[in-house]
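Engineer: predicted coordinates and the sequence they were generated for:
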Amino acid sequence: MVLQELRYILGRFDLINIMKKILYILCCLFILNIADAQTGIGTTAPVNKLEVVSTSADPATSGSSANGNLRLGPSSGVHVLDFGMSSTSTYAWLQARSKSAYGTTYNIAINPNGGNVGIGTSNPTAKLNIVGGGIRIFGGFPNNSTTRPALNTLNIGNYEIRGVGGGGGATQADGSDDGFLRLSAGGGTSASTQSSIDLTGYSNVADMLNNIVMRTAGTERLRIDNVGNVGIGTSSPTVKLQVNGDIIANSIGGSSDFRFKTNIRPVTNALDKIKALRGVYFNWNQNEFPDRQFGSNVELGFIAQEVEKIIPEIVTKDKTKEEYRSIKYDKLVALLVEAIKEQQKQIDSLTIKVNNLNQKNK
């Protein structure tokens, strides 16, 4: 009797172990099946792990009825992120907005804590890396009769790309007056192969104060400073246009309208002034002034300090502590004209005297 009960109990243990093994196998098969399965919402034949199929629709700009294919939303709050497929075209869309009023939209932050974003590439090397395309901006400029958009302060306007600063802080300050933006091309291995345009806002650094700088081959070529002076070959222009180098032009006109002038008076002693001038041949001092980009040819002209003593009206000083002089050579034309007229009077007077003497000697 005892032996029979023991056999019965042992049989029960074998059955339990067998059942456990069967249950374990079924669980494994279930897990394997789940891992290899596709889940469909709106479809009985999903081809991906999760496939959602619903009616396509363009993103609604008002209302709160069903719109889109998928929604992500918080447990509390009204902001949601909706995904959808257009019903009028072939684009897909996502829109952050209020779930109760689609006309109220919200911002989307991509990688808010860092990281790069790639469009057309799976290996972006900058905050935004675009491969195989460009950037197009449209909005607020519908035709060729539209006037120039006004300057914007706090908000970024249509067709505008702006580099903003921190306004003295470490975080972005859209309402600050400082900022920097650079457009560049090339220079992957050497700055000498890069061209760039720098735009700067307000700055306590003089070199960065509201100016535009253009470079080629890594070297500054042109600058517009904060007062509107333009320098070509110089980073510190002191007049409206200052060029370190030679200029070739078909003609250069100077303002000379009668209506622009007051206190008009004749030039006197022009011949004496011309006679006092000293013309010289010279070479530019390239060694001491390499930034001036002087030529190497022999030149013909005057010494500004000498001219200043005779005709100070045509000599100017630049706005530096050195006060380098320049000569307005075109202004000499008026003096030469009057000098020739004075000389012609002398010639005419001498001609009369000679003729009179010849008459007497006959």
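Structural biologist: Noted; the coordinates are in hand.

Engineer: could you use CA atoms for every contact and neighbour count after this?
Structural biologist: OK.

Engineer: which stretches of this structure have low pLDDT?
Structural biologist: 1-22, 25-36 (pLDDT under 70).

Engineer: list the buried residues of stretch 186-206.
Structural biologist: Buried positions in stretch 186-206, judged by neighbour count with 16 or more other CA atoms under 10 Å: Q194, S195, S196, I197, D198, L199, T200, G201, Y202, S203.

Engineer: S256: which element?
Structural biologist: Element membership for S256 (DSSP states H and E) is empty, with no helix or strand holding it.

Engineer: residues contacting it?
Structural biologist: By CA atoms under 8 Å, 6 or more residues apart in numbering, no residues touch S256.

Engineer: backbone dihedrals for it, please?
Structural biologist: When read as degrees, to the nearest 10, the backbone of S256 gives phi -150, psi 10.

Engineer: before we move on, what about the one 10 residues further on?
Structural biologist: According to degrees, to the nearest 10, the main-chain angles of P266 amount to phi -70, psi 160.

Engineer: what does R221 give?
Structural biologist: Per-residue torsions, R221: phi -110, psi -30 (degrees, to the nearest 10).

Engineer: distance of it relative to I110?
Structural biologist: 38 Å (CA to CA, to the nearest Å).

Engineer: between the two, which one's more packed in?
Structural biologist: Legend: neighbour count by other CA atoms under 10 Å for R221 and I110, higher for R221 (16 against 10).

Engineer: so how far is Q286 from R325?
Structural biologist: Taking CA to CA as the criterion, R325 is separated from Q286 by 17 Å.

Engineer: mind listing which of the buried residues of stretch 186-206 are in strands?
Structural biologist: Residues of the buried residues of stretch 186-206 located in strands (DSSP state E): Q194, S195, S196, I197, D198, L199, T200.

Engineer: same list (these) but as CSV, adding distance to F180.
Structural biologist: As requested, those are exported to CSV (distance: CA to CA, whole Å):
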residue, distance to F180
Q194, 18
S195, 17
S196, 13
I197, 11
D198, 7
L199, 6
T200, 5
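
Engineer: and those residues, which two are the farthest apart?
Structural biologist: Q194 and T200 (18.8 Å; CA to CA).

Engineer: check contacts around R162.
Structural biologist: Contacts for R162 (CA under 8 Å, 6+ apart) come out as I156, G179, L181.

Engineer: and G231, how far is that from N211?
Structural biologist: The gap separating G231 from N211 is 11 Å, by CA to CA.

Engineer: overlap in contacts of those two?
Structural biologist: Taking CA under 8 Å, 6+ apart as the criterion, G231 and N211 both touch R223, I224.

Engineer: okay, now G179: neighbour count?
Structural biologist: 22.

Engineer: and if you look at the one 4 residues further on?
Structural biologist: Burial of L183 is recorded as 10 neighbouring residues (other CA under 10 Å).

Engineer: quick one: it and I197 touch, right?
Structural biologist: Yes: the criterion here is CA atoms under 8 Å, and L183 meets it with I197 at 5.2 Å.

Engineer: list just the nearest of the ones in strands among the buried residues of stretch 186-206 to T146.
Structural biologist: Using CA to CA, L199 is the member of those that lies nearest T146, at 25.2 Å.

Engineer: ok, the closest one - contacts?
Structural biologist: Contacts of L199 (CA under 8 Å, 6+ apart): F180, L181, R182, N210, N211, I212, V213.

Engineer: same deal with N158?
Structural biologist: N158 makes contact with F138, G139, G140 under the criterion CA under 8 Å, 6+ apart.

Engineer: neighbour-wise, which of the residues you listed leads?
Structural biologist: Highest neighbour count within the contacts of N158: G140, with 11 neighbours (other CA under 10 Å).

Engineer: any idea which element that one lies in?
Structural biologist: Using DSSP H and E, G140 is not contained in any helix or strand.

Engineer: that one and R148: what is the separation?
Structural biologist: 11 Å.

Engineer: just Y329 next, same as before
Structural biologist: Distance, Y329 to R148, by CA to CA: 40 Å.

Engineer: when these two are compared, which one has more neighbours?
Structural biologist: More crowded of Y329 and R148, by other CA under 10 Å: Y329, with 11 against 7.

Engineer: I figured that one was touching T316, is that so?
Structural biologist: No: Y329 lies out of contact with T316 (CA under 8 Å); the separation is 11.1 Å.

Engineer: ok, G218 to A185 distance?
Structural biologist: The value you get for G218 to A185, if CA to CA is used, is 10 Å.

Engineer: which residues does R215 contact?
Structural biologist: Q194, S195, S196, I197, R221, L222.

Engineer: could you give the bridge partners of it?
Structural biologist: With DSSP bridges as the criterion, R215 is bridged to S196, E220.

Engineer: from V227, how far out is it?
Structural biologist: Distance of R215 to V227, given as CA to CA: 20 Å.

Engineer: just S62 next, same as before
Structural biologist: S62 sits at a distance of 48 Å from V227 (criterion: CA to CA).

Engineer: same deal with I340?
Structural biologist: Counting by CA to CA, the gap from I340 to V227 is 41 Å.

Engineer: again with G163
Structural biologist: As judged by CA to CA, G163 and V227 stand 21 Å apart.
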